[in-house]
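# Okay, here's the prediction I keep looking at, along with the sequence it came from:
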Amino acid sequence: MNERTTGRHARRFLNRRAFLAAAAATAAGAAVATTAQGWAGDNKAAGTLRVPIEDVRHTRTWMAWPDRTAIWGRDLSGVQANIALIARTIATYEPVVMCANAASAAKARSMCGSSVTVIDSIPVDDCWMRDTGPVFRTDGAGGLDAVGLGFNGWGDKQAHARDARVAEGIASYAEVPFTRADFVGEGGAIEQDGAGTLMATRSSLVNKNRNPGVSEGELEKAMCAAYGASKVIWFDGVYGQDITDDHVDATSRFLAPGKALVQMPLASDNDAYAKDARQQYQILSTSTTADGSAMTAEKLQGPDYSKIRSTDENFLAAYANYYLCNGAVISAHFGDRDADAAAKATLARLYPDRVIEQLDIDSLGTGGGGIHCVTQQQPVA
């Protein structure tokens, strides 16, 4: 057994959830790709529209309600409870809209409560709104649009016939223009500082399961066009060991233009993900931003997997996978009391004007995800 399977840095493993890949799903996804209303790179307003950093004020948070036992099996009830807890917590700070299938909308309303708006007009396959939802762009003058990243089930690893349409459905509901980016990816694969700089892993995007035949340079150009950016800071990442191929938002986040945060492994950890985290920190510490300014990187210490509540080898314990909402940071605790307290203190120092909420989302973590993975912000125009 290699060190990767001991559970200390588990992500969304390929064998964790039952992937529903089917010819019909793939065909549906391909059909959706041909219905784009225009490429983001061709949008005449793309020079002024930009995906803002996540700490800007939000109009609402978007989420999705999981209801498929074929994906979650007996974990479904626990995951639904986690999703409801996250939604209720965010709803104390800003509006939350939950997309649910018609057959499960009543249950979603019951578990989420009256503070969360549940709609059944945008069908979903799963709960990963960060990856399936659109990224919203603002122009600083009241303009807002939405960009779809061509979600394809993380490289056709899971059925996505419904999730491939979520981004466009949300744009329609929000009554904003919709464009489709000229590349395939997921929101969790790209971090933006709102001032022209992106960061991402090659393993997730420069990958034949998303963008076959597309060079890194071509991909970078398409990403910058979609996000209103001009520079990408690349990390190698980890290929093929989790369903996302190593999304950046479980490890590194932008705090502000020129300032990032990296969740660090224990000094004794030396698996592929630990090496990846250390590389991300080193690269960010020596990089420059789109305007040439020096980057700085903060460290957020990860937990000791031998001390957390979960013993599941696929568990994701990512403090860095937090969500920023109006007035709060929604993060997780995992049962390593010292590390949980230290993470809360670090986040409080980095976000002094926000309440730090730590939630038990262990069922979601067993599925390889976190709070950022299941949320998508709609910024104020």
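The structure has been received and is ready for your questions.

# and Ala294, how many neighbours?
Counted with other C-beta atoms under 10 Å, residues neighbouring Ala294 total 10. The C-beta positions use only the backbone N, C-alpha and C, and glycine is treated the same way.

# That one: what's its closest spatial neighbour, skipping adjacent residues?
Leaving aside its sequence neighbours, Ala294 sits nearest to Thr288 (C-beta to C-beta, 6 or more residues apart in numbering; 5.9 Å).

# and that neighbour, how many neighbours does it have?
Neighbours of Thr288 (other C-beta under 10 Å): 13.

# Regarding Tyr319, which helix or strand does it belong to?
Under DSSP states H and E, no helix or strand contains Tyr319.

# same question, Tyr273
Judged by DSSP H and E, Tyr273 forms part of helix 272-285.

# Could you give the separation of the next helix or strand after that helix from the chain centroid?
Later in the chain than helix 272-285, the nearest helix or strand by DSSP H and E is strand 296-301. Distance, stretch centre to chain centre, for strand 296-301: 19 Å (C-alpha atoms, centre = their mean, to the nearest Å).

# My read is that Pro303 contacts Asp336, right?
Yes: under the criterion of C-beta atoms under 8 Å, Pro303 makes contact with Asp336 at 3.9 Å.

# Wasn't Ala200 part of a strand?
Yes: read with DSSP: H, G, I helix; E, B strand; the rest coil, Ala200 is one of the residues of a strand.

# neighbours around it, how many?
27.

# so it sits right up against Phe235, yeah?
Yes: in this structure, Ala200 is within contact of Phe235 by C-beta under 8 Å, at 7.3 Å.

# which stretches of this protein form helices?
Under the criterion DSSP state H, the chain contains helices at 23-33, 69-72, 76-91, 105-112, 129-132, 153-156, 166-174, 202-205, 216-227, 272-285, 337-350, 362-366.

# Please convert those helices to TSV, extending it with distance to Gly140.
Below are those laid out as TSV (distance: least, C-beta to C-beta, whole Å):
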stretch	distance to Gly140
helix 23-33	31
helix 69-72	40
helix 76-91	25
helix 105-112	33
helix 129-132	24
helix 153-156	33
helix 166-174	18
helix 202-205	27
helix 216-227	15
helix 272-285	26
helix 337-350	25
helix 362-366	35
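
# TSV for the ones you listed, including mean pLDDT and mean neighbour count?
Shown next, in TSV, are the helices of the chain (pLDDT from 0 to 100; neighbours: other C-beta atoms under 10 Å):
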stretch	mean pLDDT	mean neighbour count
helix 23-33	35	15
helix 69-72	94	16
helix 76-91	98	21
helix 105-112	98	18
helix 129-132	98	29
helix 153-156	97	22
helix 166-174	98	21
helix 202-205	98	24
helix 216-227	98	20
helix 272-285	98	19
helix 337-350	98	16
helix 362-366	97	24
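
# Go through those helices and name the closest to Val118.
For the helices of the chain, the distance to Val118 is smallest for helix 105-112, at 4.7 Å, taking C-beta to C-beta.

# orientation of that closest one relative to helix 76-91 in degrees?
60 degrees (axes from the mean of the first three to the mean of the last three C-alpha atoms, to 10 degrees).

# For helix 105-112, what is the distance to the chain centroid?
Centre-to-centre, helix 105-112 and its host chain are 23 Å apart (C-alpha atoms, centre = their mean).

# Tell me the predicted confidence for the residue nearest to Ala294.
Looking at Thr288, its pLDDT reads 98.

# For it, give its distance to Thr296.
As judged by C-beta to C-beta, to the nearest Å, Thr288 and Thr296 stand 11 Å apart.

# picking up where we left off before, can you tell me what sits against the helix holding Tyr273?
4, 9, 11, 199, 201, 233-238, 241, 246, 248, 251-252, 260, 262-266, 295-297, 299, 302 (C-beta atoms under 8 Å, 6 or more residues apart in numbering).

# which of these are buried?
When those are checked for burial by 16 or more other C-beta atoms under 10 Å, the buried set is 4, 9, 11, 199, 201, 233-238, 241, 246, 248, 251-252, 260, 262-266, 295, 297, 302.

# In strands, which of those appear?
Those of the buried ones among the contacts of helix 272-285 mapping onto strands are 199, 201, 233-235, 252, 260, 262-264, 297, per DSSP state E.

# Mind putting those residues into JSON lines with distance to Gly213?
Formatted as JSON lines, these follow (distance: C-beta to C-beta, whole Å):
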{"residue": "Met199", "distance to Gly213": "24"}
{"residue": "Thr201", "distance to Gly213": "19"}
{"residue": "Ile233", "distance to Gly213": "24"}
{"residue": "Trp234", "distance to Gly213": "19"}
{"residue": "Phe235", "distance to Gly213": "22"}
{"residue": "Ser252", "distance to Gly213": "28"}
{"residue": "Ala260", "distance to Gly213": "31"}
{"residue": "Val262", "distance to Gly213": "32"}
{"residue": "Gln263", "distance to Gly213": "33"}
{"residue": "Met264", "distance to Gly213": "36"}
{"residue": "Ala297", "distance to Gly213": "33"}
